[in-house]
Each structure stands twice: as C-alpha cells, then as structure tokens.
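S.K.: Need coordinates for the following:
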Amino acid sequence: MENKNKKRWLAAGLALIVFLISAFSDGSKDIKERQEANFYDQARQRLMGAEDEVLYGTNKAQRIMVVNVDGLIANDDSNDYIVEKLDEALDDDTIKGVILHVNSPGGSVYASEKIAKKIEEVKEKNIPVYSVMQELAASGGYYISAPCDKIYASNETFTGSIGVIMQSYSLEGLFEKYGIKEQNIKTGKMKDAGSTGRDMDKEEKEYFQGLVNSAFSRFVKVVADGRDMSEDEVRKLADGRVYDGSQAVKNGLVDEIGDLDDAVADITEKGELFDPMVVEKNELANSFSKYFPEFSTNTENPKSDLAILKEFMESEGNKPMYLYGAYNEWDKNRK
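M.R.: Numbers count the residues shown, from 1 in each chain. Next up is the predicted model:
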C-alpha cells in the first residue's frame, strides 16, 4: 500500500511540474504548448512502463487483473486505457480473471458500449469478469457491470439509474435580454434542432425523445442479457432511480454484498487457482486530476451573464448519455 501511494504521488508531482512549466515558462504560446506536451508524454511513458501494482498473492503464473473505472465514463484517454487493459487480458495467458472496480456515475453512451463490448470479448475467452461496485455504479457504471459474470456491491452502494438522459438548455430569454438573434442557414428543418438560442418546439422534442428511446432500448437489452432477465422485468426497474446495494440484490441487479477481496476469493475458488497474484491497473498519470482538481480560489469573481452565455455557446451539443441525473452533486461532494 505504501508503494502504491508513492507511485500516485509521483504521478501527481510530475503533473504539477507540467502545470508550473505552463505558468512560468517564457516564450510564445505555441512553444510552451509543445514543451508541456513533450514533457507530459515522456512522464506518461515512464509511468506507464512501471510495474503493475501487486495488491497481494505470489503466483505470477495465475494473475487476477483489477481495472479501476473511476469517475465519468467519457470518450477520452482514460476510457481508452480501460479498453487497453482489457485487451491485455485477451493476450496474456497468465490472466485468470478480471475485476472491474467501479466508482462511476456513468457518462457517454458510446464509451460505455465500447467497454461493455470488450468485456464480452474477454468472457468469450473463458476469462471470468466480475464487477465490484464502490460508492456509485449508476447508469453507464451499471451498463458496463451488467455483462459481467458476477456483480458485488456494498449495502451502501448506489447503483441502477437504468436510463438515458439528454441534457439541453434554452438561452432564449438571455438572448432577448442582450438583443441577440440566432440566424442559422440550414438545409433541413432539423439541422439546428436543440439549438440553445431558442426553446424547442414539439416536433424537436419528439425527435430527440426518439433518439433517447432508441438508446434506452439498447440499455435494457444489455441488462436483460447480462442479468438473465426479461426486458419487461428490466423495464419495471428502469425508471431512472438508483437502488442501494441491498435493494439491488433483492431486485436482481446485483448478485451479492461484498468487496474486492470477496470477488478475488470467488474467482480463486471457482478457477481452482493457487495464491493468484492480484494486480491493479492504474493510469497513474491521470492522478493529477484527483490530487489537484482545480486551481481556482475562493476569491474568483462571479461570472457575468455574458460569461455564462459564452460557456453555453462553446459547450457540446445535445447527445444521449447513460448518466446518473444527480451526477453534478455527487461529483462536487467528492472533491
């Protein structure tokens, strides 16, 4: 455990150096960006070359891989890293089991499906894949758990939130206040559907609802197939609400109350393994975001209407998400 903490603080320290280079180095913006990118890449390569974190066990010929899924599931480097680690299990004959250690409110529909498909590939090689839920494994966090051979949770885990959300904002009133008018030149009436510059009309809402319903049907099927339930049974549970671990065991979304050690013991017993080496996969370079989540101060000036308007205009467009609706509050409390 001490070695594990040292590695994580090393990662955070290297990332801090990157930040300091950005803040104090001279030269043009382009030069600074290249310096930061080169330094970060070198640091990341060194960290990625570090040995796997051995939690316990001595038998290198029989290993159980623990892959952490922590935070928002997004189509980014962290998500690619999870898929890469699962790919390693396909190519490494010493891997006798995989455990996803999940603490996530979900996120991207695309990224969640990418992980779930890779889990199916691992299972096809007769490698058991378990999910161990921590504080939260909701929506996309449950989506990637459903295909697993077995799911453990704590009594106090929040899981479920089976459903899809497409978050949207209308700035029509703000536009009117500042005399801003949207003038879109388009090829079809739905080309600017969901624009933040005006309220959605009925037809647009029905259009987006169709996209959400389509993604929801796929979510229901993943759960039904993974949990050996009918789609009707899943839909009765899938109104978006979360369940605690004990409730999830009763309704069939979780197999047992337990933790990482219980999952390791179960894989060891069923696979007839002898003192398997349990190795944890962490993308240590991403530890920076956990230890130094933000550099803003409490004296930061409040944002003006125009600043808020600019943020919304630059934000991503509407897209379906497998995301727990209370994610923002959960994320804020973790910092």
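S.K.: low-confidence ranges in the stretch 151-300 of the chain?
M.R.: Scanning the stretch 151-300 of the chain for pLDDT under 70 picks out 282-300.
S.K.: all strands of it, in order?
M.R.: 158-160, 242-244, 256-257, 276-281 (DSSP state E, counting those that start in this stretch).
S.K.: List the buried residues in the biggest helix by length in the chain.
M.R.: Among the segments of the chain that qualify as a helix by DSSP state H, the longest is helix 202-227. Within helix 202-227, the residues that count as buried by 16 or more other C-beta atoms under 10 Å are 204, 208, 212, 215-216, 219-220, 222-224, 226-227. All C-beta spots, glycine's among them, are computed from the backbone N, C-alpha and C.
S.K.: Return the closest of those residues with respect to Lys60.
M.R.: Closest approach to Lys60 among the buried residues of helix 202-227 (C-beta to C-beta): Gly226, at 31.2 Å.
S.K.: Count the neighbours of the residue nearest to that closest one when sequence neighbours are not counted for me.
M.R.: For Gly226, ignoring the flanking residues on the chain, the nearest one in space by C-beta to C-beta, 6 or more residues apart in numbering is Ala146 at 3.6 Å. By other C-beta atoms under 10 Å, 22 other residues sit near Ala146.
S.K.: what's the answer for Ile162, then?
M.R.: 27.
S.K.: if I look at Gln62, how far off is Glu269?
M.R.: 13 Å (C-beta to C-beta, to the nearest Å).
S.K.: Could you list the buried residues of the host helix or strand of Lys123?
M.R.: Assessed by DSSP states H and E, Lys123 sits inside helix 109-124. Across helix 109-124, burial judged by 16+ other C-beta under 10 Å covers 109, 111-116, 118-119, 122.
S.K.: what is the orientation angle of that helix with helix 202-227?
M.R.: Angle of helix 109-124 versus helix 202-227, following axes from the mean of the first three to the mean of the last three C-alpha atoms, to 10 degrees, is 20 degrees.
S.K.: next SSE after helix 109-124?
M.R.: strand 129-138.
S.K.: just checking, what packs against the helix or strand following that following strand?
M.R.: Beyond strand 129-138 in the direction of the C-terminus, DSSP H and E gives the next helix or strand as helix 140-143. Applying 3 or more C-beta pairs under 8 Å, 6 or more residues apart in numbering; DSSP states H and E, one finds that helix 140-143 contacts strand 95-104, strand 106-108, helix 109-124, strand 158-160, helix 202-227, strand 321-323.
S.K.: Skipping its backbone neighbours, what lies nearest Tyr142 in space?
M.R.: Thr159 (5.4 Å).
S.K.: who touches the one you found in this structure?
M.R.: With contacts defined as C-beta atoms under 8 Å, 6 or more residues apart in numbering, Thr159 is in contact with 133, 136-138, 141-142, 145, 153, 242-245, 248, 253-254.
S.K.: picking up where we left off before, what's the residue nearest to Gly226 in contact with, if anything?
M.R.: Contacts of Ala146 by C-beta under 8 Å, 6+ apart are 116, 222-223, 225-227.
S.K.: again, only using 10 Å
M.R.: 116, 119, 131, 162, 219, 221-227, 229, 234, 253 (C-beta atoms under 10 Å, 6 or more residues apart in numbering).
S.K.: Stretch 138-158: end-to-end distance?
M.R.: 7 Å (C-alpha to C-alpha, to the nearest Å).
S.K.: Check what pLDDT Asp305 gets.
M.R.: pLDDT recorded at Asp305 is 60.
S.K.: try the one 10 residues further on
M.R.: Among the per-residue scores, Ser315 shows a pLDDT of 54.
S.K.: about what we covered before: which single one of the contacts of Ala146 is nearest to Val264?
M.R.: Distances from Val264 to those, taken by C-beta to C-beta, are shortest for Ser131, at 13.1 Å.
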